[in-house]
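>>> sequence first, then the predicted structure:
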Amino acid sequence: MSQQFLLSFKPDVSLMEPEATEQLVLQSSTRSLTFKQTQSGLKTALKTLADGGATLAELTQMVQQDDGNFLALRFYAYLQKFSKLGWLCHSVLAQGKAIAMAVPMTSDDRFSDSEVAVESKYVLSRFAYCHQVRGQLVLESPRSQAQVLLTDWQGAALLNQLAKPQSCNELVMGIPGISLETVKQFVSLLLGAQMLCEVSEDGTIGEQANVTLAQWEFHDLLFHARSRQGRHAHPFGGTYRFLDKIEPLPAVKSPMSEEVIELYKPDLETLKTTEASFTQVLESRKSIREYGEIPITAQQLGEFLYRCARVKRILKTDRGEILSRPYPSGGALYELELYLAVNNCQGIASGLYHYDPLAHQLGRISDRTATVEALLNDARRSMGQEGMPQVLIVIAARFQRLAWKYESMAYAVMLKHVGVLYQTMYLVATAMKLAPCGLGGGNSDLFTQATGCDYYAETSVGEFALGC
């Protein structure tokens, strides 16, 4: 363990002294350690770790001076245990003031001291990013299980310089009043937190030369790491963090138009006996991007929507409304909404519509405006076809339906819902002998322009082309 960093406990680790005992108790949100009959030197060192910290040399001296060499060795073992528990922070000091602190986010974090050569060049990882958290500038990366708090302008200035390859000597020249020792500590801290990459003499950056990492885009790896457990300590799952703070959204969105089209409802009991088997449907499912001369009808579209997305029932609970629909949804929350950009459908005029899954109606939002035309053209390009889809179903999400209950995982859950809805649409369309095609991308800003929805409250997350 390095002598150079300031060591301290994480803010969520507290030190308690139960009354009428000689014990000390270290307590975190997940674990506690009890020290019985602690000697004065060890007690002083533990209190120092909980109250600002000290270097390893200073802590060892506190224990050694009062308790002797044997307990100093035991204290070193304690520090190793604290590190394995994810309790120990490492800070870089400049003239007695901390300019950066590495804070472990999980007990799996293994901060390692790294040797730093002043002539070697280092560069910030392309996966590292800075953001503001409760008034503090924080550096994080999906490759790391720690975060680095930039507690002084010098830390932020050094980070800015490391956007391009720099040696320690070059960094010293670029930051007024900073010492070479501080720069080396800072570089070592970022290397230990996996925020920095060493640059080889030929200019190769190891992170970029790694063929596995090279195929990850920044936002994909960040989304993967932050929406699953393992690399962060943020609350996860159904935490209901807005309970009694914000009212949950209703399960069914209010109608968007007074101009509605009643849709056809099929006889499901008859379909059970007349339609192809599930295995036949599953095995013949495929994307179809070309259509026949006769377009899809209003009756076919009504049957398709009824079988894929209608509301079967609403249940009121003490934590808001939940639903039952033909496809599955986490927590039965059903945040997805369907909008139809109709190009060519017998019985339904071209334009933009919203599907009301409870009333099984289409509410007309607009005629075929330039923005609706742009949505259809986007779909055509995504399909790689000359002609537009007969009907483009835009899948939007009322994000707060999920985010009100789920934390850290809400967006990932929503994308799973898009996937299961795609599959439901594919299977129903195949059974009906229609032409389905799930699209890989779309323009969410175009969607909000076309519908007037708030981008941050409801916008598009998937597109599905349908025809006959």
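Structure received.
>>> from here on, contacts and neighbour counts on C-alpha atoms
Fine.
>>> could I have the CA atoms of stretch 448-468 written out in CSV?
Presented in CSV, the C-alpha positions along stretch 448-468 are these (Å, rounded to 0.1, in the frame of the first residue of the first chain):
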residue,chain,number,x,y,z
THR,A,448,-41.9,15.0,-30.7
GLN,A,449,-42.3,17.7,-33.5
ALA,A,450,-45.0,15.6,-35.1
THR,A,451,-47.0,14.8,-31.9
GLY,A,452,-46.2,17.8,-29.7
CYS,A,453,-45.1,15.5,-26.9
ASP,A,454,-42.4,16.6,-24.4
TYR,A,455,-39.1,14.9,-25.4
TYR,A,456,-38.3,14.2,-21.7
ALA,A,457,-41.8,13.0,-20.8
GLU,A,458,-42.7,10.9,-23.8
THR,A,459,-40.7,10.2,-27.0
SER,A,460,-40.1,7.4,-29.5
VAL,A,461,-38.0,4.3,-28.6
GLY,A,462,-38.9,2.0,-31.5
GLU,A,463,-40.4,1.8,-35.0
PHE,A,464,-42.3,-1.0,-36.7
ALA,A,465,-43.4,-1.1,-40.3
LEU,A,466,-46.6,-2.9,-41.3
GLY,A,467,-48.3,-3.6,-44.6
CYS,A,468,-50.1,-6.2,-46.7
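>>> quick check: mean pLDDT across it?
Stretch 448-468 carries an average pLDDT of 97.
>>> what about the closest residue to residue 252 other than its chain neighbours, how many residues close to it?
Nearest residue to residue 252 in three dimensions, chain neighbours excluded: residue 358, at 7.2 Å (C-alpha to C-alpha, 6 or more residues apart in numbering). Neighbourhood size, residue 358 [other C-alpha atoms under 10 Å]: 19.
>>> what does residue 170 give?
16.
>>> before we move on, which element is it in?
In this structure, residue 170 is located in helix 168-174 according to DSSP states H and E.
>>> state the mean pLDDT of that helix.
94.
>>> restrict it to CA atoms and write it as PDB.
Output in PDB follows, covering the C-alpha atoms of helix 168-174 (Å, rounded to 0.1, in the frame of the first residue of the first chain):
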ATOM      1  CA  CYS A 168       4.300  14.300 -16.100                       C
ATOM      2  CA  ASN A 169       6.900  16.900 -17.000                       C
ATOM      3  CA  GLU A 170       4.500  18.400 -19.600                       C
ATOM      4  CA  LEU A 171       1.700  18.500 -17.100                       C
ATOM      5  CA  VAL A 172       3.900  20.400 -14.600                       C
ATOM      6  CA  MET A 173       4.700  23.000 -17.300                       C
ATOM      7  CA  GLY A 174       0.900  23.400 -18.100                       C
END
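>>> mind listing what's buried along it?
168, 169, 170, 171, 172 (16 or more other C-alpha atoms under 10 Å).
>>> for stretch 163-171, measure first residue to last.
End-to-end distance for stretch 163-171: 11 Å, by C-alpha to C-alpha, to the nearest Å.
>>> which residues does that stretch contact?
Outside stretch 163-171, the residues that touch it by C-alpha atoms under 8 Å, 6 or more residues apart in numbering are 117-124, 158, 161, 180, 183-184, 187, 199.
>>> pick the one among those residues closest to residue 145.
residue 124 (16.2 Å; C-alpha to C-alpha).
>>> so that closest one sits against residue 199, correct?
No. At 10.2 Å, residue 124 does not count as touching residue 199 under the criterion of C-alpha atoms under 8 Å.
>>> out of those two, which sits in the more crowded spot?
Counted by other C-alpha under 10 Å, residue 124 and residue 199 do not tie: residue 124 has more neighbours, with 23 against 18.
>>> now the phi/psi pair for the more buried one, please.
phi -60, psi 140 (degrees, to the nearest 10).
>>> try the one 3 residues further on
Backbone torsions of residue 127, given as degrees, to the nearest 10, read phi -90, psi -10.
>>> my guess is it contacts residue 194. True?
No. Applying C-alpha under 8 Å as the test, residue 127 and residue 194 come out as separate, 9.8 Å apart.
>>> could I get the average pLDDT for the helix ranked longest in the chain?
If each helix of the chain is counted by residues according to DSSP state H, the longest one is helix 410-431. On average, the pLDDT along helix 410-431 is 98.
>>> what about the strands in the stretch 201-350 of the chain?
Taking DSSP state E, counting those that start in this stretch, the strands of the stretch 201-350 of the chain run over residues 237-238, 260-262, 313-317, 320-324, 336-342.
>>> these: which one's closest to residue 11?
strand 237-238 (23.3 Å).
>>> same for that closest one, what does it pack against?
strand 406-407 (3 or more C-alpha pairs under 8 Å, 6 or more residues apart in numbering; DSSP states H and E).
>>> could you say what helices and strands the strand it packs on packs with?
strand 237-238.
>>> pairing partners for the strand it packs on, with directions?
In the sheet, strand 237-238 lines up against strand 406-407 (antiparallel) (DSSP bridges).
>>> contacts for the strand it pairs with, please.
Contacts for strand 406-407 (C-alpha under 8 Å, 6+ apart): 235, 236, 237, 238, 239, 240, 241.
>>> the fifth one: neighbouring residues, count only.
So the one you mean is residue 239. Other residues close to residue 239 by other C-alpha under 10 Å number 14.
>>> equivalent analysis for the fourth one, please.
Each residue near residue 238 was counted by other C-alpha under 10 Å, and the total is 16.
>>> quick check: domain ranges of this protein?
6-85, 91-226, 237-467 (automatic domain parsing).
>>> and the ones you listed, which one's lowest on average pLDDT?
Among those, domain 6-85 scores lowest, with a mean of 87.
>>> now the end-to-end length of that one.
First-to-last residue span, domain 6-85, C-alpha to C-alpha: 18 Å.
>>> next one: that domain to chain centre, how far?
Computed by C-alpha atoms, centre = their mean, to the nearest Å, the chain-centroid distance of domain 6-85 equals 36 Å.
>>> stretch 157-175 now?
30 Å.
>>> adjust the sequence numbering to begin at 45 for everything that follows.
With 45 as the first residue, the last one maps to stretch 201-219.
>>> same list (the contacts of strand 450-451) but as a markdown table, adding distance to residue 262.
As requested, the contacts of strand 450-451 are exported to a markdown table (distance: C-alpha to C-alpha, whole Å):
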| residue | distance to residue 262 |
| --- | --- |
| 279 | 23 |
| 280 | 22 |
| 281 | 24 |
| 282 | 27 |
| 283 | 27 |
| 284 | 29 |
| 285 | 28 |
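>>> ChimeraX command for the buried members of those residues?
A single ChimeraX command selects the buried members of those (16+ other C-alpha under 10 Å):
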select :280,281,282
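>>> now do the helices in the stretch 345-494 of the chain.
414-427, 444-447, 454-475, 488-495 (DSSP state H, counting those that start in this stretch).
>>> which strands or helices does the shortest one pack on?
Based on contacts counted as 3+ C-alpha pairs under 8 Å, 6+ apart, the elements that helix 444-447 packs against are helix 454-475.
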